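**Student:** Generate coordinates for the sequence data below:
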Amino acid sequence: MLKDGQVVTVSCAEGETEHVYEGRLTIEVERVSVKDLQRPKTAIMMNIGNPEEAFRLSFLPNEGVGLAREEFIIANAIEVHPLALVEYERLDDPQLKAQIDRLATGYVDRTEFFVDKLAQGIGMIAAAFYPKDMIVRLSDFKSNEYANLIGGRRYEPKEENPTLGFRGASRYDDPRYRRRSRSNASLFVESDMGLGNVKIMIPFCRTAEEGRRVLDEMARYGLRRGERGLEVSLMCEIPSNVLLAEEFPPSATASPSARTILRN
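**Tutor:** Presented below is the predicted three-dimensional model:
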């Protein structure tokens with residue numbers, strides 16, 4: 001319909017559908033300087049899933065990252081079930097090992113592939129928003145989501161309702177997954193990037209005792225609440241978190257830098 005020399009106006013300012021108008025339409029440009037915007041009393045923090053978007057998004061007005069999900073990095077940068085990497089040498093499936101080899105090229109220790117990729121993703125988000133707080137939530141994949149990772153069906157139970165099943169904090173203290181939680185701890189201990197703005201959030205913690213066991217498991221691998229300013233948050237998402245809020249760790253003797261925050 002367009003002809004050489006024809007004057008038209010192309011507009012993408014009206015939503016998802018672009019329009020082409022005949023002739024040269026007048027336009028109005030309104031510029032708003034974000035540096036002059038007043039900040040609200042409530043700290044507006046961002047949810048970040050994709051590390052590659054972190055630096056671009058960091059230029060928007062914000063008070064840091066309130067939720068960075070490990071799941072996105074695991075699903076897109078790692079793709080392999082963590083236990084398939086831990087048990088790589090004992091795998092009896094040549095096709096599965098070939099898939100892992102393709103992804104983890106250059107890594108003799110396949111668990112280091114998991115640690116490095118996760119550290120790079122989290123480190124990129126933390127660097128983009130430094131020195132503002134960046135709260136990373138430990139993996140909260142449900143069993144059906146873990147099963148969809150490469151090699152995942154070998155290790156995951158089949159649950160009628162994965163939403164209320166084997167997920168969140170219950171995995172970190174489970175004997176089947178303690179080796180995997182070591183990789184999680186190693187992420188923060190071994191990736192010495194000098195980024196002290198990373199905070200940890202524990203997801204789907206059903207009981208106060210479960211929370212204490214997770215903290216103990218983290219401490220076994222050098223990830224101790226309160227050391228080097230490490231803060232640990234608890235996601236407030238199930239009724240017990242509200243009804244038993246005062247029973248969840250830490251005790252009243254915990255230092256301010258080691259506080260556990262109930263976040264909604």
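**Student:** where are the low-confidence patches of this protein?
**Tutor:** Counting by pLDDT under 70, the chain contains low-confidence residues at 179-193, 249-264.
**Student:** Which parts of it are strands?
**Tutor:** Counting by DSSP state E, the chain forms strands over residues 8-11, 19-22, 46-48, 65-69, 134-137, 198-202, 232-235, 260-263, given from the N-terminal end onward.
**Student:** Relative to Gly151, which of these is closest?
**Tutor:** Proximity of those to Gly151 was assessed by CB to CB; the nearest stretch is strand 65-69, lying at 21.2 Å. In this view, the C-beta of every residue, glycine as well, is placed from N, C-alpha and C.
**Student:** List the contacts of the closest one.
**Tutor:** Outside strand 65-69, the residues within contact range by CB atoms under 8 Å, 6 or more residues apart in numbering are 45-49, 122, 125-126, 129, 132-137, 140, 201, 263.
**Student:** redo that, cut-off 7 Å
**Tutor:** For strand 65-69, the surrounding residues in contact (CB atoms under 7 Å, 6 or more residues apart in numbering) are Met45, Met46, Asn47, Ile48, Gly49, Ile122, Ile125, Phe129, Met134, Ile135, Val136, Arg137.
**Student:** The fourth one touches Ala128, doesn't it?
**Tutor:** Think Ile48. No - shown here, Ile48 and Ala128 do not form a contact pair, counting by CB atoms under 7 Å, at 8.3 Å.
**Student:** the more surrounded of these two?
**Tutor:** With other CB atoms under 10 Å as the criterion, Ile48 and Ala128 differ in neighbour count, and Ile48 comes out ahead with 25 against 19.
**Student:** what pairs with the more buried one across the strands?
**Tutor:** In this entry, Ile48 is beta-bridged to Ala68, by DSSP bridges.
**Student:** What distance do you get for Asn50 to Pro82?
**Tutor:** Remark: distance between Asn50 and Pro82 (CB to CB, to the nearest Å) = 20 Å.
**Student:** neighbour-wise, which of these two wins?
**Tutor:** Neighbour count, other CB under 10 Å: between Asn50 and Pro82, Pro82 has more, with 28 against 16.
**Student:** sorry, back to before: spell out which residues are contacts of both of Ile48 and Ala128.
**Tutor:** By CB under 7 Å, 6+ apart, the residues touching both Ile48 and Ala128 are Ala54.
**Student:** circling back to that earlier point, pipe the strands of the chain into TSV and attach distance to Thr163 per row.
**Tutor:** Written out in TSV, the entries for the strands of the chain read as follows (distance: least, CB to CB, whole Å):
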stretch	distance to Thr163
strand 8-11	43
strand 19-22	43
strand 46-48	20
strand 65-69	16
strand 134-137	16
strand 198-202	18
strand 232-235	15
strand 260-263	20
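**Student:** Determine which of these approaches Asn148 most closely.
**Tutor:** Set against Asn148 and scored by CB to CB, these come closest in strand 65-69, at 15.8 Å.
**Student:** Do a quick rundown of the helices in the stretch 1-150 of the chain.
**Tutor:** With helices called from DSSP state H, counting those that start in this stretch, the stretch 1-150 of the chain shows them at 54-57, 70-73, 82-86, 94-103, 110-129, 143-147.
**Student:** And the fourth one, what's buried?
**Tutor:** Of all the residues in helix 94-103, those buried under the rule 16 or more other CB atoms under 10 Å are Leu96, Lys97, Gln99, Ile100, Leu103.
**Student:** can you check the second one too?
**Tutor:** Residues of helix 70-73 classed as buried under the neighbour-count rule (16+ other CB under 10 Å) are Glu70, Glu71, Ile73.
**Student:** could you dump stretch 70-77 to PDB, C-alpha only?
**Tutor:** Listed next in PDB are the C-alpha coordinates belonging to stretch 70-77 (Å, rounded to 0.1, in the frame of the first residue of the first chain):
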ATOM      1  CA  GLU A  70      17.600 -18.800  41.600                       C
ATOM      2  CA  GLU A  71      15.100 -20.900  39.500                       C
ATOM      3  CA  PHE A  72      15.500 -18.700  36.400                       C
ATOM      4  CA  ILE A  73      19.300 -19.000  36.400                       C
ATOM      5  CA  ILE A  74      19.100 -22.800  37.000                       C
ATOM      6  CA  ALA A  75      16.600 -23.300  34.200                       C
ATOM      7  CA  ASN A  76      18.200 -21.100  31.600                       C
ATOM      8  CA  ALA A  77      22.000 -21.100  32.400                       C
END
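**Student:** No more questions from me, cheers.
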